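>>> sequence and predicted structure, then a few things I'm wondering about:
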Amino acid sequence: MTATLVAVQVLNGLQLGVLLFLVAAGLTLVFGVMDFINLAHGVQYMLGAYLAVTFYGLTGSFFMALILALLAALAFGLLLEFLVFRHLYDRDHLDQVLATFGVILFLNEGVRIVWGAAPLSYPIPDLLKGTIPLMDGFGYPIYRVAMILSGLATAVLLWVLVTRTRVGMLVRAGATNPRMVAALGVDIRRLFMVVFGFGAMLAGFAGVMAGPIFSVEPGMGDGVLILAFVVIVIGGIGSIRGAFVAALIIGLVDTLGRSFMTDIFKTMMAPAAANQVGPAIASMLIYLLMAGVLFFRPTGLFPAAGR
Amino acid sequence: MAEPILALEGLSKAYGALTVTDDLTMTVEAGSIHVLIGPNGAGKTTLIGQISGQIAPDAGRIRFDGRDVTDLPMHARCRLGLARSFQITTILPSFTALENVAVAAQAHDGHSFRFLRPAAAEARLNEAAMASLETVGLKHRAGVRAGALSHGEKRQLEIAIALVMKPKLLLLDEPMAGTGHEESERLVATLEALRGSLTILLVEHDMDAVFALADRISVLVYGRVIADGKPDAIRADPEVRSAYLGEEAAL
Amino acid sequence: MSAPSSPVNKPIGAARQVAPVLLILFAAVPALANAADLGFATQMVSRIMIYAIAALSLDIILGYGAMVSFGHAAFIGIGAYAVGIASAHDLWDASITFPMAMLGGGLFALVTGAICLRTRGVYFIMITLAFGQMAYFTASSLSAYGGDDGLTMWGRSEVFGYSPLENETTFYYVVLACLASCYVFAKALVGSRFGRVIVGVRENRLRMQAVGFNPYAYQLVAYVIAGMMAGLAGALLANHTEFVSPSTMSWQRSGDLIIMVVLGGTGTLHGAILGAVAYLALEEILSHVTEHWRVFFGPMLILVVLFARGGLGRLIGGRGAGG
C-alpha cells in the first residue's frame, strides 16, 4: 500500500464523488422543491451516455457529441416531465414511485431495443488523452482529472446559480417552504420545469463523461441512482451543499473501502478470512455510513427545511 | 391546599425571534375547571402542545400529578393520565366513531401487542367506548365513519376519545370552535356534568361558555399570564378588559 | 394509491370470497395440470404462491401501515441465502433452516427498521431502497457462496432425514399450506389490537400518540413480522429453484413486489395474492410474446397509476376503481 496507490485511489474516489454529485444535484432540488421522488432520474444518466454514443457515431467528435447529447437530454427530460411527471406532483409518494419505476422499465428496455444489450463505448478525445505524472513515475489519466475539474466547475456554477440569481433564490425558498413560494405568486410549476430540465441535463452530463471509462449498457443508471439516494439522504434533502459534501464522502469512502478494506483486515486476521470478509464489509460501508448519519441526524447533515 | 395537579415553572418557547411562551408560571388545581383565555396569537395552543408533550419547551419544567414530565414524550404523559383534544380536529377518518374511541380505550387498557384475537369483538373496549360516546351525546352515531360526521360531531368525538382514557387532567383546545350554538350548549352541559370528577384545562373563546364553566381563569397575552383568578375578578380586571375583553367587545 | 375507505378494510360482498376461492383454485392446480399434461404449470404456480407470501408480508406494512418499503426483496433473499448457505455446510433439515431463514429476515428487519422508521416519507423509501441494495451487494461479494453467480443447492430441504420436498406435488402443497397459514395469520393480525394500532398510525399518527401509543414500537414490530414472513418466502424460493442468487434481492424485485401489492389493491391481503397472480402471469404471457415485454409493461404501469387507482382487488370488491 504505497502513497502513490493511495493518491490514485483518492483521485478515483473524487471522480466517483463528482459523478454522484452531478446526478444527486438535480434529484435533491426536485425533492426539495416539489417533494417529488423521481426514480427515473438514473435513466437520464444512462440516456446521456447512449446519446453520446450515437452522436459520436454521427459526428466523430467527442465535444460535438457532448453538446448534442446535453441538448437532447434536456429535451428528453422536459418531454418526460410534460408526459408523465407533471401529473404526479399532487399524488402520494407511492404513486410517484410506481409511475417513475414504470418509466425505468420502459427506458431500460427501450435502450436495449435501440442500441442492443451489449456494452458500448466511445473514445476519450485526443485532447484529454495521456497521463499526468504522479510520484514514482505513476501517471494518472488526464481524462479523469478533467472529469473531476469539470464536476467541480459545475458545482461552483450551481452554487452561484442557487445563491446569486433570482431563480436560485426561489429554488432555495421553495425547498424550505414551497407553499410560501406559491403564495408569492410564483408559478411553481414553471420553476419546477426549469429545475427539472436542468437536473436532467446534469445527470446526462455525468452520463456522457462516464461513457468512455465505464461501459455504456442498459440499467447503468440504476446503481448510480441508488448511490445518489444515499448521497441525498446523508446530505439532507433539498440541499445542494449537502449533496456536494455527501457525494465526495460517498465517492471516497466507497472507492477507498473497496481498494483497501481487504488489506486492512489482513493485518487483523488470516488472509483467507480477510479475502472473504473484506469485500463484504467494503460493499456495506457506505450504507453503514448512511445508517450512522441517520441515527444521529435523521434529516441529514444539511437539512434544507425547517430553518 | 393539596398539591396542584399541574404546575408550569418558568416555561419558555421561542420560534426564532418570536417568543410564544415567555417565562410562564402557573398552576392548575385538582378537580377544577380552569379556563385559559387570550387573544389570537397569545400562545395558547403552543402552551397546550407543551403540556401534552407535542412540543418541547426551550426552558422551564412541567410537573404533572407530582411528577416532572418535562422530558417525557406525549404517549408516556398520556399513560400518566393526561389527555387532550386538538384545536384542529384530529381523528381517524376511516374508523367509525366507535372504533375511534375503542382504540383509545385499548391504549388505556395497555395491552396492544396482541396479534390474533379480533379487537372489534372485544366487548370490554366497545362498552367503554359506547359509554364515552353516550356521555358526549354521540351514541346514535357510533357506527358512522368519523370522516363522515359533521364538524360539531367531530368535536364531540374528540372529547369522547379523551374521556375514555379516564384522564386525571383533560386539556381541551377550543372544543367549541366552529360549532353551532346548540352544540356549544350541549358541550357546556357535558363539561358541567364532569365537574369534580376530573380536572379540565380549557382553552376557549366563547365567553358565555367561559364564564359558565370556569372555576378559575388565566389570561394569556404574548406568552405571559397577565391575570389569574376567579371569573368575577377577571371580569373586573381593568388590564384584562383593555388587553382582551375590550377588544373582543369591540368586535 | 388512494386510501382504502375502511380502516380494517372489511371486505364487502364478493371480496370476502376472493382469498378462499383463490386458495381452492390453487389446490386444484396439480390435478388439473396432470390431467392437461401441463407439468410445468405446477412449478409455475408454486413460484406464484411463493411471491404471493412475500406480497402478503409487504401488504401488512405497506397497505395497512403506509410504510412504503422499497427493500422488501432483501428479506426474501436473506431467507433464501439462509437455506442455501446452510445447504453448503451440509445442513439440510427444514426444521432448522426454515426458522433460520425467518429469523434472518426478522433480524435484518429489526436492525434496518430501527433506523428506517426514525424517518418518514421519501426518506423512508430511499433508505429502505439503500438497505436493500446493501444486502444485494453483500450477497454479491460472498465469494465463498458463489458471489455474483449465485449458489447452487444440490437438492431440497429435508424433514427429519426424509426428502418429501423432492416430489414436485408435495412441494407444491407445502407452499400452498404456507400461503394459507400466512394469509390466515395476516388476516387475524390486521384485525387484532395490534393491527388496529398499525392502521390507526397510518390514518393519523398524532392522534395515536395523543391517546398514548408510541407509533415507532408498533411499526417496528410490524416491520419485523413482515421481514420474517418474507424470509419464509425466501426459504421456499431457494427450494423451488434449488439455487440462490443476489438477483433475488435486486431492487427491481422490490419494485415488482410493490407493483403486485398495488395492482391487487393495497390493504386488502387478498389483493396481494391476486396481484402476485396477475403480475407473474402477465410476465409469463408477455415474455412469451416478446423478450422486450417490459417496454409494454412500463407504460401500462404508468397508465394504471395515472388513470386506474385502487387496483384489481377493489374492482372485484365491487367498488369503482376511480380514485
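Done, it's in.
>>> once you drop chain neighbours, what's closest to whichever residue of the stretch 201-323 of chain C sits closest to chain A?
Residue nearest to chain A within the stretch 201-323 of chain C: residue C:298 (3.0 Å; Cβ to the nearest Cβ). Every C-beta, even on glycine, is put in place using the N, C-alpha and C of the backbone. Excluding the flanking residues, the one nearest residue C:298 by Cβ to Cβ, 6 or more residues apart in numbering or on different chains is residue A:106, at 3.0 Å.
>>> what about the helices in the stretch 51-200 of chain B?
B:74-79, B:97-109, B:123-135, B:151-164, B:181-194 (DSSP state H, counting those that start in this stretch).
>>> for chain A, what helix or strand is lowest in average pLDDT?
One helix or strand of chain A scores below all others by mean pLDDT, DSSP states H and E: helix A:178-183, with a mean of 70.
>>> ok, residues contacting that helix?
Contacts of helix A:178-183 with the rest of the structure, by Cβ atoms under 8 Å, 6 or more residues apart in numbering or on different chains, involve A:33, A:34, A:35, A:170, A:173, A:174, A:188, A:191.
>>> show me which pair in those is furthest apart.
The distance between the two most remote of the contacts of helix A:178-183 (Cβ to Cβ) is 15.7 Å, for A:35 and A:170.
>>> any idea which residue of the stretch 1-150 of chain B lies closest to chain C?
Residue nearest to chain C within the stretch 1-150 of chain B (Cβ to the nearest Cβ): residue B:78, separated by 3.4 Å.
>>> hey, which helix or strand in chain B has the poorest pLDDT?
helix B:246-250 (a mean of 50).
>>> pretty sure residue C:68 belongs to a helix, no?
No - using DSSP: H, G, I helix; E, B strand; the rest coil, the assignment for residue C:68 is coil, not a helix.
>>> in this structure the residue nearest to residue C:298 contacts residue C:300, no?
No - checked against Cβ atoms under 8 Å, the pair residue A:106 and residue C:300 is beyond contact range at 9.4 Å.
>>> more neighbours, those two?
residue A:106 (22 against 15; other Cβ atoms under 10 Å in any protein chain shown).
>>> quick check: which element contains that one?
For residue A:106, the element it lies in under DSSP states H and E is helix A:93-115.
>>> need the residue closest to the centroid of chain C.
Residue closest to the average C-alpha location in chain C (Cα atoms, centre = their mean): residue C:54, at 1.3 Å.
>>> who's in contact with the residue lying farthest from the centre of chain C?
Among residues of chain C, the one most distant from the C-alpha centroid is residue C:210; the distance is 32.7 Å, by Cα atoms, centre = their mean. For residue C:210, the contact set (Cβ under 8 Å, 6+ apart) comprises B:52, B:54, B:74, B:78, B:83, B:84, B:86, B:90.
>>> again with residue C:188
Residue C:188 touches B:115, B:116, B:117, B:118, counting by Cβ under 8 Å, 6+ apart.
>>> what's the ChimeraX syntax to select whichever of those residues are buried?
A single ChimeraX command is used to select the members of the contacts of residue C:188 judged buried by 16 or more other Cβ atoms under 10 Å in any protein chain shown:
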select /B:115
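>>> among the contacts of residue C:188, which one lies nearest to chain A?
residue B:115 (25.5 Å).
>>> list of residues touching stretch A:152-160?
Applying Cβ under 8 Å, 6+ apart, the set of residues contacting stretch A:152-160 is A:18, A:21, A:22, A:25, A:168, A:202, A:205, A:240, A:241, A:244.
>>> in helices, which of those residues fall?
A:18, A:21, A:22, A:25, A:168, A:202, A:205, A:240, A:241, A:244 (DSSP state H).
>>> which residues touch the residue lying closest to the fifth one once chain neighbours are set aside?
Once its chain neighbours are removed from consideration, residue A:168 has its nearest residue in residue A:162; the separation is 3.9 Å (Cβ to Cβ, 6+ apart). The neighbours of residue A:162, taking Cβ under 8 Å, 6+ apart as the test, are A:168, A:171, A:172, A:240.
>>> could you pull out the strands for the stretch 201-323 of chain C?
Taking DSSP state E, counting those that start in this stretch, the strands of the stretch 201-323 of chain C run over residues C:243-244.
>>> point out where it drops to low pLDDT.
Scanning the stretch 201-323 of chain C for pLDDT under 70 picks out C:309-323.
>>> flag every residue of it that's near chain B.
C:203-204, C:206-214, C:218, C:221 (Cβ under 8 Å from any Cβ of the partner chain).
>>> for these, which one is nearest residue A:286?
Nearest member of those to residue A:286, counting by Cβ to Cβ, is residue C:221, at 28.4 Å.
>>> what about the helices in the chain?
Defaulting to chain A. Using DSSP H, helices in chain A cover A:3-34, A:41-59, A:62-83, A:93-115, A:142-164, A:166-176, A:178-183, A:188-210, A:220-235, A:240-266, A:271-296.
>>> hmm, I had chain C in mind actually
Using DSSP H, helices in chain C cover C:15-35, C:39-59, C:72-88, C:94-116, C:122-140, C:168-191, C:193-203, C:205-210, C:215-241, C:251-264, C:270-289, C:294-307, C:311-316.
>>> right, I'll call it a day here.
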